[in-house]
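Engineer: Below is the structure, and that's it, no one-letter string:
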């Protein structure tokens, strides 16, 4: 039967802390299935943090190959998630394989693991403590994919940027500042910043734009912030949220 219907709901809920909903995902790979469940709503930052994710598959695969596939999947998903730039010591992602469905294509298995991890990472961002917005920070035109991720992380981790997102304020100067401080190769006079496809900063300075369109974008639950560095062809996307009063209320007392 369907993996999600076979998972015991009590197992999902038992691992939750401040999560408001359980998180699960499933993908097919040939005759095999990859399923996963996770918990995490805060202390989420690239390189993982206070999160637990357990994946299972009935594909037949050697342990070293499975480890490489999982590492690739995590690098492309959980490592591209930042709610509050905080990390912990107990982050874990496990994958178990029983081999009952037989062997599958190695690349297809990696893709399936990546799809499941990607879904779980997005679900965690959407359920982040106090979050009112789910945001994709997309950087293109960087010197390399690694530098693009470095720049995107800097923007995603900025409390100033997150506060402006919470206030629905397209304060692109804060974004430009974080790009410059990120360590990625950066020329402000070549950089373009847009919210939801509407360019508000071109070549490092403000430009005429449809203010009503930007206001609609900023008021939405989901939005994309795109930064084009116009240096080369590197690109990356990091998932983040806004920083709200509810997040502070949740974390101002823990003892």
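Structural biologist: Right, received. Where do you want to start? Quantities reported herein were computed from a predicted structural model and do not represent experimental measurements.
Engineer: how many neighbours does the residue lying closest to residue 145 once chain neighbours are set aside have?
Structural biologist: Of all residues not flanking residue 145 in the chain, residue 234 sits nearest, at 4.6 Å (CB to CB, 6 or more residues apart in numbering). Yep, even glycine has a C-beta here, placed from its N, CA and C like the rest. Residue 234 is flanked by 21 other residues according to other CB atoms under 10 Å.
Engineer: Make 31 the first number, not 1, from now on.
Structural biologist: OK, 31 is where the count begins now, so the last one is residue 264.
Engineer: how much space between residue 264 and residue 173?
Structural biologist: Distance of residue 264 to residue 173, given as CB to CB, to the nearest Å: 6 Å.
Engineer: ditto for residue 70
Structural biologist: Residue 70 is 31 Å from residue 173, where distance means CB to CB.
Engineer: Between the two, tell me which one has more neighbours.
Structural biologist: Remark: of residue 70 and residue 173, residue 70 carries more neighbours, 30 against 17, as counted by other CB under 10 Å.
Engineer: Let me see the ranges of the strands in the chain.
Structural biologist: With strands called from DSSP state E, the chain shows them at 53-59, 62-69, 82-87, 122-127, 164-172, 222-225, 228-232, 235-236, 252-258, 264-271.
Engineer: and for the fifth one, what are the contacting residues?
Structural biologist: By CB atoms under 8 Å, 6 or more residues apart in numbering, the list of residues contacting strand 164-172 from outside reads 152, 155-156, 178-179, 181-182, 185-186, 195, 209, 214-215, 251-272.
Engineer: what separates that strand from the chain centre, distance-wise?
Structural biologist: Put simply, strand 164-172 sits 11 Å off its chain's centre (CA atoms, centre = their mean, to the nearest Å).
Engineer: pLDDT (mean, whole number) over it?
Structural biologist: The average pLDDT for strand 164-172 rounds to 98.
Engineer: Same check on stretch 222-233?
Structural biologist: Stretch 222-233 comes out at a mean pLDDT of 98.
Engineer: Pull out the buried positions in that stretch.
Structural biologist: Residues of stretch 222-233 classed as buried: 222, 223, 224, 225, 226, 228, 229, 230, 231, 232 (neighbour count, 16 or more other CB atoms under 10 Å).
Engineer: can you check stretch 267-274 too?
Structural biologist: Along stretch 267-274, these residues count as buried under the neighbour rule (16+ other CB under 10 Å): 267, 268, 269, 270, 271, 272, 273, 274.
Engineer: Name the nearest residue to the fifth one, ignoring sequence neighbours.
Structural biologist: When the adjacent residues along the chain are set aside, residue 271 lies closest to residue 161, with 3.8 Å between them (CB to CB, 6+ apart).
Engineer: With the first one instead?
Structural biologist: The shortest distance from residue 267 to any residue that is not its chain neighbour, by CB to CB, 6+ apart, is 4.7 Å, and that residue is residue 168.
Engineer: Show me the shaky parts of this structure.
Structural biologist: Applying pLDDT under 70 to the chain picks out residues 31-41, 71-80, 285.
Engineer: Do a quick rundown of the helices in the chain.
Structural biologist: All helices of the chain, identified by DSSP state H, fall at 33-36, 39-44, 93-106, 136-156, 175-186, 189-196, 202-211, 241-249, 275-281.
Engineer: Indicate which one of those helices is closest to residue 65.
Structural biologist: Of all the helices of the chain, helix 33-36 sits nearest to residue 65, with 3.7 Å by CB to CB.
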